[in-house]
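Participant: Turn this into a structure:
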Amino acid sequence: MPGGRLTGQERQQIALGLADGLAYAEIARRLDRPTSTITREVMRNGGPTAYRADLAHRATEHRAHRRKKPAPRGPQTATRPDGRDAGAVRAYEETLTTVFMQSGLPKMMSRVLVCLYTTDTGSLTSADLVQRLQVSPASISKAIAFLDSQGLVRRERDERRRERYFVDDGLWYEATIASARANDRLVETARQGVGVLGPGTPAAARLENIARFLDFVSEGITRAAEQAREVLYTAPDDTTAE
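Facilitator: Down below sits the predicted model:
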């Protein structure tokens, strides 16, 4: 079975087959091509009633020429103003975005968070994010609103009264504590179910096990977050004993 793009002669045979009322499968059999190839060819070039071999061939050549157009190359695309390898940074940003998405964040929120974490300033404006991600201001606004609700970004007004978004070490502590509090609410609700369903019943025992497990986990998370903040983020005391 031949491969590659259809030739001009094959397209003429397709046009003749359509004019004779042949099915796609029969045209494909005569050309020794997959039926799907004939179907795509006809449908992307006007359909069975408007297909013209010469126009279809020119359109395909035009698409091929556009795909082959080389991407601009040069030193300006290999490095960034900060001296970092642009390709390596871009690949890392894609990896970090994927990790954030796998942790449960939606794609746009993950992309915004990656932009903030990989900039040296640790802060960007909405206009900065629009330019970097090539998306609409509305998309950025929606992403920031979600991240803010999760405690993953912080908002401040800069000297030009623009809203600027920040990420810092304290945000992870706040997000972790918020997660522990969400567990606490689930623990409380599960234990309410024990009373409703009746202690000693299988359903009540199942809810009590959920509550005990999450209670234990939540307590451990909170304790670990407090210890981590104290060890990692608390500034050393500069005062000295006299």
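
Participant: domains of this structure?
Facilitator: Per the record, the chain has its domains at 8-61, 83-167, 170-233, by automatic domain parsing.

Participant: distance between the last one and the chain's centre?
Facilitator: Taking the mean of its C-alpha atoms, domain 170-233 sits 29 Å from the chain's own mean (CA atoms, centre = their mean, to the nearest Å).

Participant: try the first one
Facilitator: Average the C-alpha atoms of domain 8-61, do the same for its chain, and the two points are 38 Å apart (CA atoms, centre = their mean).

Participant: before we move on, what about the second one?
Facilitator: Using CA atoms, centre = their mean, the distance from the centre of domain 83-167 to the centre of the chain it belongs to is 12 Å.

Participant: Using the three-state scheme, assign Arg155.
Facilitator: strand (DSSP: H, G, I helix; E, B strand; the rest coil).

Participant: Against Thr222, how distant is it?
Facilitator: 26 Å (CB to CB, to the nearest Å). For every residue, glycine as well, the C-beta is placed using N, CA and C.

Participant: Can you pick out the residue with more neighbours from the two?
Facilitator: Thr222 (17 against 12; other CB atoms under 10 Å).

Participant: List the contacts of that one.
Facilitator: 177, 180 (CB atoms under 8 Å, 6 or more residues apart in numbering).

Participant: Would you quantify the distance from Val217 to Thr201?
Facilitator: On the measure of CB to CB, Val217 and Thr201 end up 24 Å apart.

Participant: which sections of this protein are below the confidence cut-off?
Facilitator: In the predicted model of the chain, residues 1-3, 65-80, 234-242 satisfy pLDDT under 70.

Participant: residue boundaries of the helices in it?
Facilitator: Assigned by DSSP state H, the helices in the chain fall at 8-19, 24-31, 35-43, 53-68, 75-78, 86-102, 107-117, 126-133, 137-149, 169-197, 202-228.

Participant: Pick the most buried one from those helices.
Facilitator: helix 107-117 (a mean of 20; mean count of other CB atoms under 10 Å).

Participant: Against which helices or strands is it packed?
Facilitator: For helix 107-117, the elements it packs on are helix 86-102, strand 123-125, helix 126-133, helix 137-149, judged by 3 or more CB pairs under 8 Å, 6 or more residues apart in numbering; DSSP states H and E.

Participant: Next, format these as a markdown table and append distance to Ile14.
Facilitator: Listed next are those as a markdown table, based on distance: least, CB to CB, whole Å:
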| stretch | distance to Ile14 |
| --- | --- |
| helix 86-102 | 41 |
| strand 123-125 | 53 |
| helix 126-133 | 43 |
| helix 137-149 | 42 |
